[in-house]
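1. structure of the sequence below:
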Amino acid sequence: MSIDIDAFAHAIQSDLTSNPPTYTESPYFDGLQLTAHPASATQIFLNNNEFINQYLGENFYHCGGMTKMHAWALASYALTHAKETSPKKAAETIDTIFKATEAPVNDIALLSGIVVSKVYKISNNIWLAPISDAPSRHIKGAVAEHNEFMKHMAGRSVSPFFDSFFDSPRTALWRQRFTPFGFKVTNQSMTDTGTEQLFELSHLLTLVGPCSPSIRQFATELDESVPLKRYLSQTTYTQSEETKTNTITELDGDDIEKYRAIVSDFSRLNGDVKSFLSTPLIRLNLAIKHISEVEKAIDLGIAMESLFLSDSDKNSPIALPLRLRGAWLLGETQADREGLYKKFQKLYDLRSSAVHSGSLGKGKQENSNSDLLADGVNLCISAILKIIKNGVRPEWTKLILGDRN
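-> Here you go, the predicted model:
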């Protein structure tokens, strides 16, 4: 049993040409949304159709949970879709809804700290783009509303106490996946919100630039192509990251190519290696965010310790193994390793001074603390990239005994 497509299309057509109208029209961001009246031919058809009637009042599952299906929602969507396409196409689409078991959803992270100029496809199901190109009418509508508001603010004095310029999200990072959808869903689990993967992808962006992206908002919603999306419960939001960014980095095509390669290599890592890299990536991101050099040195120190000393006993010495391991992981020649050994020593001295005295000291040195910390950031990036490329956690004993495989 299924819907009589021709009879259904005829009912829809009669509503679209009715005078007075049997529906109410209202804007839906950059599109439209029609609401069918109870006396519309479309809603009457749905209420009286034996096949459809068995589903009315039943739970309809989607990424936002579940919604009890009513004839007005089906009729409203049918009229909206018919006005955008044709009555027959709308009738056919409604028919497919009753057969669906899954649908595409988008997990969308709104990032501050970085900007891109266009849509970039990072992998088969991951994209990076300006927020104005996000796969969500809700988000694009909110951006347009904000931009319109800012036009009216131009030229007016704005208190520096409320300066949110750097922390405003400018970029959307999203992935698409499929979740249970429809009346016939047997697995009603909606536990995968995509949060963990998008936070990983955001932190991997730290290795490009380098930069310090922050997820200011996270949303999960049905893809715009999904029938009935406008009439189902909408976006699911989660809390943003705690620490805000203070810089904005513009990523170009070369940066994106590098990022694509990093994401591709990272996706092949097993769970143990991904878990091992989690803390270094997070702490490196925080180190870049900090304005305070003391805070930067502390988080950079944590990133280095988690990279080079995660297998150490809490009572084991720290400084010497860190210098040795860092030098042997990154140095290709004896001269390289000697230089790296000294640099890691200076970086660890900064970390110790920051932790124990709350300052970085004023001793004589060739480079400024800010230059040394910037070098430390790049060394951590190089170490993380090498581990990602190798695909395994370093075997430190073999490494410092000269094993270069």
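2. S26 looks like it's in a strand, true?
-> Yes. Applying DSSP: H, G, I helix; E, B strand; the rest coil, one finds S26 inside a strand.
3. just to check, it is in contact with Q33?
-> Yes. With contacts counted by Cβ atoms under 8 Å, S26 reaches Q33, the gap being 5.4 Å. Quick note: C-beta positions are derived from backbone N, CA and C, even for glycine.
4. between these two, which one's more packed in?
-> Neighbours per residue (other Cβ atoms under 10 Å) separate S26 from Q33, with Q33 holding more: 16 against 8.
5. which stretches in the stretch 151-300 of the chain count as strands?
-> 171-180, 214-222, 236-238, 249-250 (DSSP state E, counting those that start in this stretch).
6. out of those, nearest to G301?
-> Closest to G301 of the strands of the stretch 151-300 of the chain is strand 214-222 (Cβ to Cβ; 21.1 Å).
7. ok, back up a step: tell me the most buried of the strands of the stretch 151-300 of the chain?
-> strand 214-222 (a mean of 22; mean count of other Cβ atoms under 10 Å).
8. packing partners of that one?
-> Other elements packing on strand 214-222 under the criterion 3 or more Cβ pairs under 8 Å, 6 or more residues apart in numbering; DSSP states H and E are strand 102-112, helix 137-153, helix 195-204, strand 236-238.
9. so which of these gets nearest K258?
-> Closest to K258 of those is helix 195-204 (Cβ to Cβ; 10.4 Å).
10. next structured bit after the helix or strand hosting I384?
-> In the assignment (DSSP states H and E), I384 maps to helix 369-390. Next along the chain after helix 369-390, taking DSSP H and E as the criterion, comes helix 396-400.
11. touching the helix holding I384 from outside, list them.
-> Here helix 369-390 makes contact (Cβ atoms under 8 Å, 6 or more residues apart in numbering) with 206-207, 210, 262, 265-266, 269, 273, 276-277, 280-281, 284, 287-288, 293, 296-297, 300, 303-304, 307-308, 326, 329-330, 340, 343-344, 346-347, 350, 360, 365, 367, 393-394.
12. what's the ChimeraX syntax to select whichever of these are buried?
-> Applying 16 or more other Cβ atoms under 10 Å to the contacts of helix 369-390, the buried members can be selected in ChimeraX as follows:
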select :206,207,210,262,265,266,269,273,276,277,280,281,284,287,288,293,296,297,300,303,304,307,308,326,329,330,340,343,344,346,347,350,360,393,394
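13. where are the low-confidence patches of the chain?
-> For the chain, applying pLDDT under 70 flags the ranges 1, 28-30, 64, 146-166, 186-194, 233-240, 242-243, 314-316, 362-366, 403-405.
14. the single longest helix found in it vs helix 369-390, what angle?
-> Assignment by DSSP state H gives helix 334-357 as the longest helix of the chain. With axes from the mean of the first three to the mean of the last three Cα atoms, to 10 degrees applied, the angle from helix 334-357 to helix 369-390 works out at 120 degrees.
15. now for helix 334-357, which elements pack on it?
-> Contacts defined by 3+ Cβ pairs under 8 Å, 6+ apart place helix 334-357 against helix 293-308, helix 319-330, helix 369-390.
16. one more time with 6 Å
-> The contact analysis (3 or more Cβ pairs under 6 Å, 6 or more residues apart in numbering; DSSP states H and E) places helix 334-357 against helix 293-308, helix 319-330.
17. what's the last one in contact with?
-> With contact meaning Cβ atoms under 6 Å, 6 or more residues apart in numbering, helix 319-330 is reached by 308-309, 337, 340-341, 344-345, 348, 382-383, 394, 396, 399-400.
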